[in-house]
Structures are given as structure tokens and as C-alpha cells.
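S.K.: everything below, folded, please.
(chains A and B)
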Amino acid sequence: MNPLHDEIKQLIIQSLNLEDIAPSDIDTDAALFGDGLGLDSIDALELGVALQKRYGLTLSAESEETRKHFASVRALADFVEANRTK
Amino acid sequence: MPSPAPSFTLSGWSAWNPALTDAAAWLDWAARDEALPQGDGAPALAAMPPLLRRRAHRLGRMALETLYGAAPGDDCVVVHASRHGEVERSLALLQSLAADGSVSPQHFGMAVHNAIPGLFTIARQLPLPVSAVAAGRATIWAALVEALGQLADGAPRVLLVMADEPVPPLFTPFTDEPEAPFAYTLALTPGDDWHLDWAASDAGDCADNAAPGVLRAVLTGRGYAWQSQGRRWRLEPGA
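M.R.: Below is the predicted model of the structure:
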């Protein structure tokens, strides 16, 4: 178990007010948006702000790369690992 | 020849306050002529899917609980009224902007005045016409004018949602009327049971909050007159 995966799941739950969901309910490889967890575009923006604050990342809202990083918890963790400044 | 005063029939209502959570409690409150009770609770809003419900804070939960309670259909028009709106959220956004220059997109989206009925139309997948009104102390009267305008324009049924809560402590030195958490929805249909009129008047301002006053009027069947800022408003039962 990668501790960063769990940390990002916690961040998702807190920043998006997912009241009734536990970290173990989020599949590390499942899609976060659309069919998977069912999050929407406002959640994507919210999560982007939370990740920038926590890890000191720089994100571009429009780029295709960003879209790939937000695909799943695993993709986000890989991105954070490679780009974090704090 | 003057046109007849705008009129309507009340075809349903629903209301929520932390201490008044069912129709019997509201009817009892209306008969007693007391101010609205204070309280901290929020309604469960079980009718809304959790993924959308998580976006609503107490003001939204109260407003939406009563909107669902008024049996909204796909032919109705929604008029959402609130004097202060999501003022607690707006204040937190401004404080966060001042502190570190960033704001929460989610809170920003939900602080917009029509965001609460917007959540409802998304949840029910109903593309209903929605207008959002804020008009200071006269908010409920402006909402009635808007609602009766919608009826005059052919809407078969207007759901007037009125919701407010006390302003955050930072703003309490500026309060100018009694405030308590509440929401109600009035289902208005064309008819002659209630007449609304207004006129310029130099009489002094009324001290009471007009929004609970209008609800009490329609629940008890008694008329209600209220005055502020040079205008006198009156709601009277039809002959």
C-alpha cells in the first residue's frame, strides 16, 4: 500500500465534502470523474486547488496532460510524486 | 381605470426551521404571534442525491427541503428569494482570498445567488425557469411581485422559495431586523384568494421581519401590512 495513495484519497474526501465515503471505498485505479466516483468539473477545479496548496504543484487547467493526471488516484499520486515542491 | 391588484391562490406550502419541522408546529407558531425560534440544526434533505446534497450548506438544505416538500412538477416556475443568500460562505471566500489569494471553486459556485435552485434543477433534471431575488428588507415582497409577474405571464404554478439565516457575527452590528434560520416554499397558482398591493408612504418603518410575516398571514388567513423605505406593502385575503 502506497501511503501517498491513502493521503490523496483523504484529500479528495475532505476537499470535496464526500460525507459518506471512506478512503477504502475509493478504488486506486478507478476513474475519478464521470462514471467512476461520479465527480464533476467543479470537483476537478476544487481538487486542483487543494493539490496545489498541499504539494506546491503547478497545474494547467486546459492541458491534455492535466486530464491524464486526474484520471485516477494512482495517476494523481504518480504526478504528485514527480512534481511536488513540498 | 386602474388595473385590479395582482392576486393569487395558495395551493400548497412547506416550511422549515430548526425548532419547527412539521406543518402542525408551523400552524401553531403562526397562531401564537411569536418571532421565529433560533436553532442550529439543518434538515436531512434526504430527497436529494448525496453527490449534490454535499454542496448545500444549511441555507441551501433548508430552502431545498421546503422546495421538495412543495411537490414541484415539471410545469412550475421557481422564484428563489433570500435577503442575505450564502453570506457565511461569501465571507469565508473573502477571508480566504485576503489570507492566501486563493478561493474554493466549489464555494464560489455555491455562493452565487441562484445556485441553490440550480442544484434542484440538476438533481431532478428539470430545465425549469428560475429567478433569484434579493431586495433588502423588502425581499419577500419583491419575490411576490416576481412570482405574480410569472403567473400573469402564463405560468400555471410558481414555487416561491424564501430562505434566510442570521448573518455571521462580523456583520451583526449592521442588522436592522430580527433574524432567525428559516425557509419556506409557497405554491402559488392563478386565483383570487390573496391580493397584493403597494404604494408610496411616509409612515415609519416596521420593526418586524416581513418574510415570516407573510408566511404567518397566509397560514392564518389574516391580512398583513408592512412598511419600510418609503413603501407600504399589503397582502389581503380576497373578498
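S.K.: residue most distant from the centroid, chain A?
M.R.: Distance from the centre of chain A peaks at A:D20, with 17.6 Å (CA atoms, centre = their mean).
S.K.: can you classify it by secondary structure?
M.R.: coil (DSSP: H, G, I helix; E, B strand; the rest coil).
S.K.: surely it and B:L51 touch.
M.R.: No: no contact is recorded between A:D20 and B:L51 when judged using CB atoms under 8 Å, the distance being 10.0 Å. Every C-beta, even on glycine, is put in place using the N, C-alpha and C of the backbone.
S.K.: quick check: phi and psi at the residue farthest from the centre of chain A.
M.R.: Main-chain dihedrals, A:D20, degrees, to the nearest 10: phi -100, psi 20.
S.K.: nearest residue to it in space, please, no chain neighbours.
M.R.: The shortest distance from A:D20 to any non-neighbouring residue, by CB to CB, 6 or more residues apart in numbering or on different chains, is to B:P50 (6.1 Å).
S.K.: count the neighbours of residue 62 for me.
M.R.: You didn't pick a chain, so chain A it is. Burial of A:E62, expressed as a neighbour count using other CB atoms under 10 Å in any protein chain shown, amounts to 7.
S.K.: nope, chain B
M.R.: The burial metric for B:M62, expressed as a neighbour count using other CB under 10 Å, is 28.
S.K.: did I read that right, it in a helix?
M.R.: Yes: when the secondary structure is assigned by three-state DSSP, B:M62 falls within a helix.
S.K.: next, B:A132: secondary structure please.
M.R.: What three-state DSSP gives for B:A132 is strand.
S.K.: for burial, what's the neighbour tally of the residue nearest to B:H113 when sequence neighbours are not counted?
M.R.: With sequence-adjacent residues excluded and distances taken as CB to CB, 6+ apart, B:H113 is closest to B:A132, at 4.3 Å. Burial of B:A132, expressed as a neighbour count using other CB under 10 Å, amounts to 20.
S.K.: repeat for B:R83
M.R.: The local packing count at B:R83 equals 24, with neighbours defined by other CB under 10 Å.
S.K.: within range of chain B, give me the residues from chain A.
M.R.: Contact residues, chain A versus chain B (CB under 8 Å from any CB of the partner chain): A:16-20, A:38, A:42-43, A:45-46, A:49, A:52-53.
S.K.: which residues in the chain form helices?
M.R.: If you meant another chain, say so; for now it's chain A. Counting by DSSP state H, one finds helices in chain A at the ranges A:3-15, A:41-55, A:64-69, A:73-83.
S.K.: meant chain B, my bad for not saying
M.R.: B:23-32, B:50-53, B:58-69, B:87-100, B:105-111, B:115-124, B:139-152, B:210-220.
S.K.: mean pLDDT and distance to B:Y184 for those helices - can I get that in TSV?
M.R.: Below are the helices of chain B laid out as TSV (pLDDT from 0 to 100; distance: least, CB to CB, whole Å):
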stretch	mean pLDDT	distance to B:Y184
helix B:23-32	97	8
helix B:50-53	91	20
helix B:58-69	97	5
helix B:87-100	94	19
helix B:105-111	93	21
helix B:115-124	95	14
helix B:139-152	97	10
helix B:210-220	98	5
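S.K.: just name the most buried of the ones you listed.
M.R.: helix B:58-69 (a mean of 24; mean count of other CB atoms under 10 Å in any protein chain shown).
S.K.: what is that helix packed up against?
M.R.: Contacts defined by 3 or more CB pairs under 8 Å, 6 or more residues apart in numbering or on different chains; DSSP states H and E place helix B:58-69 against strand B:7-16, helix B:115-124, strand B:158-164, strand B:182-200.
S.K.: which one of the ones you listed lies nearest to chain A?
M.R.: Taking CB to the nearest CB as the criterion, chain A comes closest to helix B:115-124 out of those, the separation being 9.5 Å.
S.K.: how about that closest one, does it get close to chain A?
M.R.: No: using CB under 8 Å from any CB, no contact is recorded between helix B:115-124 and chain A, whose separation bottoms out at 9.5 Å.
S.K.: who does that helix touch, helix- and strand-wise?
M.R.: Packing contacts for helix B:115-124, counted by 3+ CB pairs under 8 Å, 6+ apart, involve helix B:50-53, helix B:58-69, strand B:77-81, strand B:130-133, strand B:158-164.
S.K.: and the last one, C-alpha only, in PDB?
M.R.: Okay, so that is strand B:158-164. Extracted C-alpha coordinates of strand B:158-164, given in PDB (Å, rounded to 0.1, in the frame of the first residue of the first chain):
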ATOM      1  CA  VAL B 158     -45.000  29.300  -9.200                       C
ATOM      2  CA  LEU B 159     -42.900  28.000  -6.300                       C
ATOM      3  CA  LEU B 160     -41.700  30.900  -4.300                       C
ATOM      4  CA  VAL B 161     -38.800  29.800  -2.100                       C
ATOM      5  CA  MET B 162     -37.900  32.200   0.700                       C
ATOM      6  CA  ALA B 163     -34.800  31.400   2.900                       C
ATOM      7  CA  ASP B 164     -32.500  33.200   5.200                       C
END
